[in-house]
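Trainee: Test case, fold it:
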Amino acid sequence: MDFSREALDREFPSRLGTIQMNHAAVSPLPARAVSALDEYARTLSTRGPLAFPELSARIASLREKGARLLGVTAEIGGASSISIVPNTTFGLSLVARGLDWRPGDVVVTTESEFPANLTPWLDLARIGVEVRRIPTRDGAFTAEDVFAACDARTRLVSLSLVAYHTGFVAPAGRVGAFCRTNGIAFGLDGIQAAGAIPVDVAALGADYLSADGHKWMLGPEGCGLFFTTPAFRSRLRPPSGWMNLRRANPSAYEIGESPEYVDDAARFEIGALPMPGVYALDASIGLLLEIGSAAVGERIRAVLSVLEEGLPRLGWEPVLHGQEVRSGILAARPPAGTDARRAMKELESNGVACSARAGFLRLSPHAGNEPEDAGRVLSLLGGL
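Mentor: Predicted coordinates for the structure are as follows:
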């Protein structure tokens, strides 16, 4: 797309009155997503259920775009391996509730996971599953830490591809290769990665990845993507539903005593899909694909580099992990006597969207931001 000031203001209208550095929480919708929501509403109001073919086409479009964004190749199912889910937690819970667990099985994750990638596994304690949480340092850990936590009883390793509080990027490729070699399922909470950094589930060796669309994918809350490989999907018991039933034709609703479910990723879609979100997320991912992951990364890094250089001069300590792949999140430890939440409130009162997480100030720009935005943030922090 055109990155002129006029084009950016047109596509990202939030720029006109605010500085959005909280994409790691909730992203403002780009203009084309708003137009897609309007299109859905107008279509439904004028055509009602006669619009089902158009709605089905939009669902197919989102699956296809989602597969491209996540690197889902034809060898692992392409678009047919993308489920549309209401949120990240739903997808992870499908794994927790769908695998055939045995007492004594082990799940390996980290001590600094967002609850979405922790509570589904902790809940398995009721059937005798053990959860091992790897210690982290400001969210960071090594692949060797994961290897050391695994043994013959390990059934699953589930990690956040990007740490929600500090932006650490997990060594997922090495962990995925280890899991494949040792017959361990490997999955990712991808919500802080998809849309901000290149994600290639095939290269990472992930059996599944779950991510809501309202952060870096620039979509609305309540509509996300859940990827599963065909082999892993066949191991998961499908949730009870009606949309995911195997039927002779779309209008056949009569079932026997033993329901049969479809084999592709639609097997996890139990009922009506969040169609407003489908329209909007399809448009937003289309924008990201148009920009390209390389350009998205360049624009994010241009803003973060200004922050990384300027924050130490103000007494803030950026949490940097020295990684080749840089996420969209910058966490900074406050100076002595300064509270990150107070700084957040001060920035918010001046129109800067940001977060305080785990004692850090978290800043998370996206493609619609510019280095000048970082300068404004530094100026405000300097006045605290």
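Trainee: what residues are up against the nearest residue to Arg153 once chain neighbours are set aside?
Mentor: Leaving aside its chain neighbours, Arg153 sits nearest to Val106 (4.6 Å; criterion: CB to CB, 6 or more residues apart in numbering). C-beta coordinates here come from the backbone N, C-alpha and C atoms, glycine included. Listed by CB atoms under 8 Å, 6 or more residues apart in numbering, the contact partners of Val106 are Val129, Glu130, Val131, Arg132, Cys150, Asp151, Arg153, Thr154, Arg155, Leu156.
Trainee: quick one: the first one and Pro120 touch, right?
Mentor: Okay, so that is Val129. No - assessed by CB atoms under 8 Å, Val129 is found out of contact with Pro120, at 10.6 Å.
Trainee: hey, where'd the strands end up in the chain?
Mentor: 19-20, 82-85, 106-110, 130-134, 154-160, 185-189, 208-212, 224-228, 317-318, 330-333, 352-353, 355-357, 360-363 (DSSP state E).
Trainee: mind putting these in a markdown table, distance to Glu269 and mean pLDDT included?
Mentor: Listed next are these as a markdown table, based on distance: least, CB to CB, whole Å; pLDDT from 0 to 100:
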| stretch | distance to Glu269 | mean pLDDT |
| --- | --- | --- |
| strand 19-20 | 31 | 98 |
| strand 82-85 | 6 | 98 |
| strand 106-110 | 25 | 98 |
| strand 130-134 | 28 | 98 |
| strand 154-160 | 22 | 98 |
| strand 185-189 | 19 | 98 |
| strand 208-212 | 14 | 98 |
| strand 224-228 | 9 | 98 |
| strand 317-318 | 41 | 97 |
| strand 330-333 | 35 | 98 |
| strand 352-353 | 32 | 98 |
| strand 355-357 | 31 | 98 |
| strand 360-363 | 33 | 98 |
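Trainee: okay, those strands in TSV with distance to Asp264 next?
Mentor: Shown next, in TSV, are the strands of the chain (distance: least, CB to CB, whole Å):
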stretch	distance to Asp264
strand 19-20	36
strand 82-85	9
strand 106-110	26
strand 130-134	30
strand 154-160	22
strand 185-189	18
strand 208-212	14
strand 224-228	10
strand 317-318	44
strand 330-333	39
strand 352-353	38
strand 355-357	37
strand 360-363	37
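Trainee: between those, which one is nearest to Pro49?
Mentor: Distance to Pro49, taken as CB to CB, is lowest for strand 82-85 among these, at 19.3 Å.
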